[in-house]
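Colleague: Need a 3D model of the sequence below.
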Amino acid sequence: DGSLLDHADYSFQGALPALALLRRRAIPVIFTTSKTRAEVEHLQTWMGLRDPFIVENGAALFFPDNYRQLRIDSGFRQPPYTVIQLGASYAEIRRFVYACRDQFRIRGFGDMGLAQVAELTGLAPDQARLAKQREFTEPFLPEKGTDIAAFEKIAAARGFSITRGGRFYHLIGIRQDKGAAVRLAAGVFSKNAEAPVTTIGIGDSANDIPMLQSVLIPVVIPRTTGPRLELDLPGLRKASRPGSAGWNEVVVELLKQLETNGA
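Modeller: Down below sits the predicted model:
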């Protein structure tokens, strides 16, 4: 959201030229997102993609069956995928939220009806239904006056952490983040290729920082509201436009540069 998908309407129309170019060059587009598996599968169908993907802020990495004949040495079978899980289960997350409900006033997706999720996200009801199909993490909003720092401290003591995305806070397993999942994905590709791979990471929010720190070429997309994510990383690129148009801009530019350099 806010990178490949436009923030306001979740459109990816601005990125169509870059997506076509990536398909022609057989370059994987690995969604690394706070979205659920169900949401990603829906988006991949729309975009005509069948690549590995990382869901719920690095909670799990899904490799489709028979994908490029990759050898994957860890994970478990969950047809039609091999899954490498880093995060806690959604049941564990919800038990913690329930245990804290008297001390901290937060509203998670598990506390909201479908209409509320649709209203807060701007998603259509059928898409909101996919967003509620959580497996590992809980997006939430704190009520006014909630002490997020205190909540974060208690969460850490119970094996959870809190990160912030474009719309929501996210309660996640303490051992997971987007960066750890990206490193695992790159490791699988590198091991199979018997050579290092070039990784490009594109994001716009605080929960993208671990991912951007874990790729060879990090790219920051400006946000439509609020300040741009400010980072000081080697090789950092900055798109000039938000959303799918900015995503398209940097991908096309980088692919031309890599082609010129023989990558």
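Colleague: use CA for all of it now, contacts and neighbours both
Modeller: Noted.
Colleague: which element follows the helix or strand encompassing Ile172 toward the C-terminus?
Modeller: Here Ile172 is covered by strand 169-173, with elements defined by DSSP states H and E. Once the chain leaves strand 169-173, the next helix or strand it forms, by DSSP H and E, is helix 178-193.
Colleague: downstream neighbour of that following helix in the secondary structure list?
Modeller: Following helix 178-193 in sequence order, the next helix or strand is strand 200-203 (DSSP H and E).
Colleague: residues making contact with that following strand?
Modeller: Strand 200-203 is contacted by residues 2-3, 209, 211-212, 215-221, 247 when judged by CA atoms under 8 Å, 6 or more residues apart in numbering.
Colleague: Most widely separated two among the residues you listed?
Modeller: Using CA to CA, the two most remote members of the contacts of strand 200-203 are Gly2 and Leu216, lying 21.2 Å apart.
Colleague: In stretch 80-87, which residues are buried?
Modeller: Neighbour counts using 16 or more other CA atoms under 10 Å place 81-87 of stretch 80-87 among the buried residues.
Colleague: wait, I meant stretch 121-136
Modeller: 121, 123, 127-136.
Colleague: Max pairwise distance over those residues: which two?
Modeller: Going by CA to CA, the pair spanning these furthest: Leu123 and Phe136, at 20.4 Å.
Colleague: Regarding the chain, what is its longest helix?
Modeller: Counting residues, the longest helix found in the chain (DSSP state H) is helix 243-260.
Colleague: So which elements touch that one?
Modeller: Judged by 3 or more CA pairs under 8 Å, 6 or more residues apart in numbering; DSSP states H and E, helix 243-260 is in contact with helix 16-24.
Colleague: what comes up buried for the helix it packs on?
Modeller: For helix 16-24, using 16+ other CA under 10 Å, the buried residues are 16, 18-19, 22.
Colleague: The strand holding Ile172 pairs with which strands, parallel or anti?
Modeller: Neighbouring strands of strand 169-173 in its sheet, by DSSP bridges, are strand 138-142 (antiparallel), strand 160-164 (antiparallel).
Colleague: what about those, which gets the closest to Pro28?
Modeller: For Pro28, the closest of these is strand 160-164, at 26.4 Å, according to CA to CA.
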